[in-house]
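K.L.:
Need coordinates for the following:
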Amino acid sequence: MSTFASLWTELETIGRDSHTGGYRRYVFNDAELQCREWFTSTATARGLDVELDRNTNLWAWWIPPGVDPNTKALVIGSHLDSVPDGGAFDGPLGVVSAFAAFDQLRAAGVQPDRPIAIVAFADEEGARFGIACAGSRLMTGALDPDKARGLVGRDGPTMAQAMRDNGFNPASLGLDTERIARIGQFVELHVEQGKGLVDLSTPVGVAECIWPHGRYRFTFCGTADHAGTTRMQDRRDPMIAYAHTALRAFDAASESSQRATFGRMEVEPNGTNAVPSVVRAWLDARASTEAELNELVEQIRTAAQTAATTTGTTIEFTPESVTGVLDFDHELQRHVAASIGAALGIDDVPVLPTAAGHDAGILAGAGVPTAMIFVRNPTGVSHSPDEHAEQADCEMGVRALAAAVTGLLS
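P.N.:
Numbering: from 1, shown residues only. You can find the predicted model right below:
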């Protein structure tokens, strides 16, 4: 069994729900903590020094004898957490591939002239506390530590409480300038979340940029009432206002070839025979430019206000996190693509934009030279148990990552 296959077998059962087949690895829950243990044991078995940073990101360091540990490091890796009932590959593929690439490099006798680190960023998906890429955002100062500590999880406790309950120190959260200064370059391998590589019949590609994107909370407030005795014309039903808003979001995104999704909502009092009093709904919006993102969100916000007025309800609109366009370092992108092409015999390695957010994008926004490698996903489906990558393509991804690292060391 190959190194990749062996590591994948060790990790793939952790946090998988037996009924849905999806993964429920949320930051600081039992499954995510088991993934952290796997990372630590995998790194330790390879003689790597494991470090937990102040924002609970995990690092495994390869600093060969004679290499100055203060030299800027080449960092590879991704994340281990998931969305609710997410797929196996989103995040973990990049971490497993990093360890497998490390094994290939060492077997080939590669002698780095600077430190190499494998990283598993914490809470990339934001499934529990609502803000994506929390670990990398905190590290780079893009997320205020007080705000992070006060975030309330879907299961009740705040982030601060969840950290204390599991032996982490919430007081340590915040900008980590020393950590950022140690990163010379970051290369993240990730399963493609779309069919770009399928359409091009290519197993691997390189990222060009990340679309602007944001998460926005809509709170519709009305009056709870009896579902049977309250006449339709007498209702102040926030669900109707929300429904009009969701339909307009779909139409607005479709008309402009952008993305708008209401994928999460909460209803009070959430009774089958009760008109609701409150509907909270979270919009995920993405667009190819910042101007188009702003226009799309404004159209949806205006539709929500109109629907609230029409139904006698009120609307509160709260942007929770918004990220502008993130361009990856062009020189690094070209270097990585050339190294992959030479190693794998691909004449023209595809360079693709992505509408999905990543820790790599957060680091790029903080000025770290960053690149991403994509591995083909034959289904094109992500954030779902149907997410997939063939083992042969995963092995090709490991070779691509090892080639990129070798090229950057030369």
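K.L.:
can we go C-alpha only for contacts and neighbour counts from here?
P.N.:
Noted.
K.L.:
Report all helices and strands that the helix or strand containing Val279 contacts.
P.N.:
Using DSSP states H and E, Val279 falls within strand 278-286. Applying 3 or more Cα pairs under 8 Å, 6 or more residues apart in numbering; DSSP states H and E, we find strand 278-286 packed against strand 213-221, helix 238-256, strand 259-268, helix 290-311.
K.L.:
just checking, what packs against the longest one?
P.N.:
Translated: helix 290-311. helix 238-256, strand 278-286, strand 314-323.
K.L.:
Give me the domain ranges for this structure.
P.N.:
Using automatic domain parsing, the domain parsing of the chain gives 3-210+325-409, 213-323.
K.L.:
returning to that earlier point: reformat the helices and strands packed on helix 290-311 as JSON lines; add distance to Arg231, mean pLDDT and mean neighbour count.
P.N.:
Converted to JSON lines, the helices and strands packed on helix 290-311 look like this (distance: least, Cα to Cα, whole Å; pLDDT from 0 to 100; neighbours: other Cα atoms under 10 Å):
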{"stretch": "helix 238-256", "distance to Arg231": "14", "mean pLDDT": "98", "mean neighbour count": "19"}
{"stretch": "strand 278-286", "distance to Arg231": "19", "mean pLDDT": "97", "mean neighbour count": "23"}
{"stretch": "strand 314-323", "distance to Arg231": "20", "mean pLDDT": "93", "mean neighbour count": "16"}
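K.L.:
need the ones you listed in TSV with distance to Asn70, can you?
P.N.:
Shown next, in TSV, are the helices and strands packed on helix 290-311 (distance: least, Cα to Cα, whole Å):
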stretch	distance to Asn70
helix 238-256	47
strand 278-286	38
strand 314-323	31
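K.L.:
quick revisit: would you turn the helices and strands packed on strand 278-286 into JSON lines with distance to Ser78?
P.N.:
Putting the helices and strands packed on strand 278-286 into JSON lines (distance: least, Cα to Cα, whole Å) gives the following:
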{"stretch": "strand 213-221", "distance to Ser78": "19"}
{"stretch": "helix 238-256", "distance to Ser78": "29"}
{"stretch": "strand 259-268", "distance to Ser78": "24"}
{"stretch": "helix 290-311", "distance to Ser78": "26"}
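K.L.:
Of those, which is nearest Gly196?
P.N.:
strand 259-268 (16.5 Å; Cα to Cα).
K.L.:
and the following helix or strand past that closest one, what other elements does it pack with?
P.N.:
Next helix or strand after strand 259-268 toward the C-terminus (DSSP H and E): strand 274-275. For strand 274-275, the packing partners by 3+ Cα pairs under 8 Å, 6+ apart come out as strand 225-226.
K.L.:
Remind me what the strand it packs on packs against, helices and strands.
P.N.:
Using 3+ Cα pairs under 8 Å, 6+ apart, strand 225-226 sits against strand 274-275.
K.L.:
What strands flank the strand it packs on, and is each parallel or antiparallel?
P.N.:
With DSSP bridges as the test, strand 274-275 is paired with strand 225-226 (antiparallel).
K.L.:
Now tell me what touches the partner strand from outside.
P.N.:
Under the contact criterion Cα atoms under 8 Å, 6 or more residues apart in numbering, strand 225-226 has outside partners Arg235, Asn273, Ala274, Val275, Pro276, Ser277.
K.L.:
Buried members of those residues into PyMOL, please.
P.N.:
Those of the contacts of strand 225-226 that count as buried under 16 or more other Cα atoms under 10 Å are selected in PyMOL with:
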select buried, resi 235+274+275+276+277
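K.L.:
Now render the contacts of strand 225-226 as TSV, adding pLDDT and distance to Phe328.
P.N.:
Formatted as TSV, these follow (pLDDT from 0 to 100; distance: Cα to Cα, whole Å):
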residue	pLDDT	distance to Phe328
Arg235	97	51
Asn273	97	51
Ala274	97	50
Val275	98	48
Pro276	98	45
Ser277	98	45
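K.L.:
what two of the contacts of strand 225-226 have the greatest distance between them?
P.N.:
Arg235 and Asn273, at 13.7 Å, using Cα to Cα across the contacts of strand 225-226.
K.L.:
Report the helix or strand with the lowest average pLDDT across this structure.
P.N.:
Lowest mean confidence among the helices and strands of the chain (mean pLDDT, DSSP states H and E): strand 326-327, at a mean of 88.
K.L.:
Looking at the nearest residue to Leu283 once chain neighbours are set aside now. What's its pLDDT?
P.N.:
Closest residue to Leu283 apart from its sequence neighbours, by Cα to Cα, 6 or more residues apart in numbering: Phe262 at 4.6 Å. The model reports Phe262 with a pLDDT of 98.
K.L.:
Ile180 now?
P.N.:
pLDDT recorded at Ile180 is 97.
K.L.:
Enumerate every residue touching it.
P.N.:
Contacts of Ile180 (Cα under 8 Å, 6+ apart): Met139, Thr140, Val368.
K.L.:
rerun that using 6 Å as the cut-off
P.N.:
Applying Cα atoms under 6 Å, 6 or more residues apart in numbering to Ile180 gives no contacts.
K.L.:
Ramachandran coordinates for it?
P.N.:
Main-chain torsions, Ile180, degrees, to the nearest 10: phi -60, psi -40.
K.L.:
That one and Gly365: what is the separation?
P.N.:
12 Å (Cα to Cα, to the nearest Å).
K.L.:
what's the answer for Leu189, then?
P.N.:
Taken as Cα to Cα, the span from Leu189 to Gly365 is 18 Å.
K.L.:
So between those two, which is more surrounded?
P.N.:
Set side by side, Leu189 and Gly365 show more neighbours around Leu189, with 31 against 20, by other Cα atoms under 10 Å.
K.L.:
which element follows the one helix or strand the more buried one maps to toward the C-terminus?
P.N.:
Assessed by DSSP H and E, Leu189 sits inside strand 183-191. Sequence-wise, the next helix or strand beyond strand 183-191 is helix 196-200, with elements assigned using DSSP H and E.
K.L.:
Show me what the helix or strand just after that following helix pairs with in its sheet, parallel or antiparallel.
P.N.:
Sequence-wise, the next helix or strand downstream of helix 196-200 (DSSP H and E) is strand 204-210. With DSSP bridges as the test, strand 204-210 is paired with strand 326-327 (antiparallel), strand 351-354 (parallel), strand 370-375 (antiparallel).
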